[in-house]
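Undergrad: Using only what follows, build the 3D model:
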Amino acid sequence: MNRLIFILIIFILAFGCEDEKLRPAISSEIGSGEAPVQESWDSEILFSESGKLKAILFADHIRVFEGDEITYIDGVKLDFYDENEIKTSSLTSKKGKADQKTQNMYAIGDVVAKSDSGVVLETEELMWRKKDGKIITDKFVTITSDEERIEGYGFESDQGLKNYTIYNIIYSTKLK
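TA: Have a look, this model is predicted:
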């Protein structure tokens, strides 16, 4: 009887454990080539031109992938500076990306740009073009200042939000 129980236990152990049950689940969504080659958390990156500070990027998480010319950023805060290195405006967004070739920055998701003069820009997506320091988008925007509130589609401005244009205005009102 003991031999029968012993043989039964061996049989259960040998054939009861299937190979698939012992293997851990491996996600097929991420291949070895899709892992970032560089990552950083709580980063601060300074942008300068001819030795003068132009902008500072604060980011929660930055990822760079092999063969990709785009840097992906989560938790974006970007401070802009004028030619005298005085902070003129800041921008925040949920996500962003930077084109490594052109050094243009894209802000995506709950984008809010505020100038030190009190102008506030709200949109879902915009681009800061490095070559001329312009902020542009073709998305819906809301501009609020002490004097007015304007809503529309398509926007271009200097990075200090002093000289801006909304191309297709759908709402405008004076606040004072």
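Undergrad: Just give me the neighbour total for residue 83.
TA: Burial of residue 83, expressed as a neighbour count using other CB atoms under 10 Å, amounts to 12. For the C-beta atoms, the positions are set from N, CA and C on the backbone; glycine is no exception.
Undergrad: would it count as being in a helix?
TA: No. The secondary structure assignment for residue 83 gives coil rather than a helix, going by DSSP: H, G, I helix; E, B strand; the rest coil.
Undergrad: That one touches residue 52, doesn't it?
TA: Yes. The pair formed by residue 83 and residue 52 meets the contact definition of CB atoms under 8 Å, at 6.7 Å.
Undergrad: Tell me the bridge partners for residue 90.
TA: When bridges are assigned using DSSP bridges, the partners listed for residue 90 are residue 79, residue 114.
Undergrad: which residues does it contact?
TA: Contacts for residue 90 were tallied using CB atoms under 8 Å, 6 or more residues apart in numbering; they are 77, 78, 79, 80, 113, 114.
Undergrad: One more: residue 162?
TA: With CB under 8 Å, 6+ apart as the criterion, the residues that contact residue 162 are 115, 117, 119.
Undergrad: got it, and residue 172?
TA: In this structure, residue 172 makes contact with 148, 149, 150, 151, judged by CB under 8 Å, 6+ apart.
Undergrad: and which of the residues you listed is nearest residue 108?
TA: When the contacts of residue 172 are compared for distance to residue 108 (CB to CB), residue 151 comes out closest, at 19.8 Å.
Undergrad: Can you list the buried residues in the helix or strand residue 39 falls within?
TA: Residue 39 is part of strand 38-49, with elements assigned from DSSP states H and E. Going by neighbour count (16 or more other CB atoms under 10 Å), the buried part of strand 38-49 is residue 47.
Undergrad: Identify the residues contacting it?
TA: Contacts with strand 38-49, where a contact means CB under 8 Å, 6+ apart, come from 53-64, 103, 130.
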